[in-house]
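S.K.: build me a structure from this.
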Amino acid sequence: MKPWLLDILACPIDKHFPLDLYIFSYETNEEEFKKILNFFEKRDIDLIKKEKIIEIHEEKGKIYIRDDIVIEKSLLDTYINLIISSIKEVNYIHDKSSLKLSKQCFNIIKHNIKDKITNFSNNLEFEQIENILPELYFLNKIKIETEVETGLLFCSECMRWYPIIETIPQMLPDEYRDEKAEIKFLKTNKDLLDNAFFKQNLKPFNV
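M.R.: Numbers count the residues shown, from 1 in each chain. A predicted model of the protein is given here:
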């Protein structure tokens, strides 16, 4: 599961959004996170443009932008608002994995990138867009190109949790869920979650 999915996934039972994402492990290794961090720190605008993750077009005197997060080309103000919304979703990500650099990446998004893009949004000037290209590139890389291997999605409204197994979110109705297998999944990963998590009225199963 790519972290970007959290931007669009809602609870299948009560349609609550957003969900919380608890990450237990990644398919992406530490070295890949290191590469993304190093690239971000270099702030090489020319290389970022060459990759064409962020595409900028001018049509009839208006500027449109799209990327792998905001897939549909949008006017600058609309695009930036959607990016800020995507950044806010990172607050619902709880990285319980053993990787240090993944946590560092999410902290950069929550603080440095959030502040810089918010400041840009308060004074929208297309001529200054290059100043935030490294931030936009970094956000796209983390949200789209990293992969969660195991974890769970949690709905704070109905208290249902859904396992992520081998990168796939298992978001089935209660009647189709395997109680034995899912309780085993919870027990296997119990040490990665706080005791307070299990004191909730978890549905459909708890340990």
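
S.K.: from start to finish, how long is stretch 47-61 in a straight line?
M.R.: End-to-end distance for stretch 47-61, by CA to CA, to the nearest Å: 26 Å.

S.K.: go on, stretch 188-205?
M.R.: Distance across stretch 188-205, first residue to last, is 14 Å (CA to CA).

S.K.: pull out the buried positions in that stretch.
M.R.: By 16 or more other CB atoms under 10 Å, the buried positions in stretch 188-205 come out as N189, L192, L193, F197, F205. Placement of C-beta: from N, CA and C, glycine included.

S.K.: same question for stretch 161-170.
M.R.: Neighbour-count burial for stretch 161-170, counted by 16+ other CB under 10 Å, picks out W161, Y162, P163, I164, I165, P169, Q170.

S.K.: where exactly do the strands run in this structure?
M.R.: Using DSSP state E, the strands of the chain run over 20-26, 55-59, 62-66, 74-75, 93-95, 148-154, 161-165, 168-169.

S.K.: from D77, how far out is the closest residue to Q128 other than its chain neighbours?
M.R.: Using CB to CB, 6 or more residues apart in numbering and skipping residues adjacent in sequence, the residue nearest Q128 is F120, 6.7 Å away. Taking CB to CB, to the nearest Å as the measure, F120 falls 11 Å from D77.

S.K.: of the strands of the chain, flag the one that's most buried.
M.R.: Burial of those is given as mean neighbour count (mean count of other CB atoms under 10 Å); strand 148-154 ranks first at a mean of 24.

S.K.: ramachandran angles for the residue sitting furthest away from the middle of the chain?
M.R.: Centroid-distance maximum for the chain: K60 at 33.7 Å, with CA atoms, centre = their mean. Main-chain torsions, K60, degrees, to the nearest 10: phi 50, psi 40.
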